[in-house]
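Visitor: sequence below, structure please.
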Amino acid sequence: MSVDPRRVSSAAALVIGDELLSGKIREENIYELAKVLRALGIRLARVNLVGDDLDTIASEVRALSEAHDVVFTSGGVGPTHDDITIEGVAKAFGVEASVHADVEALLKRAYGERYHAGHQRMALVPHGAELFSSEEVPWPTIVMHNVWVLPGVPEVFRMKLLLVKSHLSGTQRYLSRAVFTKMDEGDLKPLLDRVVERHPEVAVGSYPRWRSPDYKTKVTFDACAEAPLQAAVAEFLELLPEGEPQRVE
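Guide: Got it, this is the predicted structure:
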């Protein structure tokens, strides 16, 4: 199916799960989401993490939906008692969630004789929501207004991002360069201050790394156009002492 991607500017994510707040499970999905959105030209502006509480989920979804072009939830879409994200999204928009016949049919085919009433929770869909799928991602993804309801299991989450790539596009073109040095952040500060002051349209970040034989600090430059990016990087390289940088990517 040919899809005309919807152009969006800012995104937010709501990560849901008591297991994340308690440290039982490592959060992995935001890193993957951020990479995909960046490549699409969409700015991930905010990430919130909440537990399995219906009212909290609904409140967060409503607030993020109003403040951003698109919202992604992660987690809470399974068959157990604490999988309440779909009900939370429904409550955020003042609608009910009920068993969707087409989704239930998919579940019955997938589980066969093992299917039972408990699996119906995975067929809940908020009234008015759209279902997105493709040949690569046949299991439907719920999209309620501007809220994408994604699973918490990292492998499945990454698969669902294929749908995000085909349905959304950004309004920015993000360009990046990275300079690796063996200088400490403190020694780099006056150099960075000068570059930041002279190139306000370029976002500059410095990230130290301990016990690395290759470099001590990675300096990144991000911009929406090639000319200012090249100018900022060139000036920074000129300011570095002899023997630096270690490499530029």
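Visitor: quick one: the residue positioned nearest the centre of the chain from T141, how far?
Guide: Nearest residue to the geometric centre of the chain (C-alpha atoms, centre = their mean): L33, 2.9 Å. Using C-beta to C-beta, to the nearest Å, L33 is found at 14 Å from T141. All C-beta spots, glycine's among them, are computed from the backbone N, C-alpha and C.
Visitor: how about L14?
Guide: Per C-beta to C-beta, L14 is found 15 Å from T141.
Visitor: more neighbours: these two, which one.
Guide: The residue with more neighbours, out of L14 and T141, is L14; 28 against 22, by other C-beta atoms under 10 Å.
Visitor: S74 is in contact with that one, correct?
Guide: Yes: counting by C-beta atoms under 8 Å, L14 sits close enough to S74 to count as a contact (7.3 Å).
Visitor: about what we covered before: now do the buried residues in the strand or helix carrying the residue nearest to the centre of the chain.
Guide: Taking DSSP states H and E as the criterion, L33 maps to helix 29-40. For helix 29-40, the neighbour count (16 or more other C-beta atoms under 10 Å) marks 29-30, 33-34, 36-38, 40 as buried.
Visitor: would you list those in JSON lines and tack on pLDDT?
Guide: Converted to JSON lines, the buried residues of helix 29-40 look like this (pLDDT from 0 to 100):
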{"residue": "N29", "pLDDT": "99"}
{"residue": "I30", "pLDDT": "99"}
{"residue": "L33", "pLDDT": "99"}
{"residue": "A34", "pLDDT": "98"}
{"residue": "V36", "pLDDT": "98"}
{"residue": "L37", "pLDDT": "97"}
{"residue": "R38", "pLDDT": "96"}
{"residue": "L40", "pLDDT": "96"}
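Visitor: with distance to D102 added, can I get those residues in JSON lines?
Guide: Below are these laid out as JSON lines (distance: C-beta to C-beta, whole Å):
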{"residue": "N29", "distance to D102": "26"}
{"residue": "I30", "distance to D102": "30"}
{"residue": "L33", "distance to D102": "27"}
{"residue": "A34", "distance to D102": "32"}
{"residue": "V36", "distance to D102": "27"}
{"residue": "L37", "distance to D102": "29"}
{"residue": "R38", "distance to D102": "33"}
{"residue": "L40", "distance to D102": "28"}
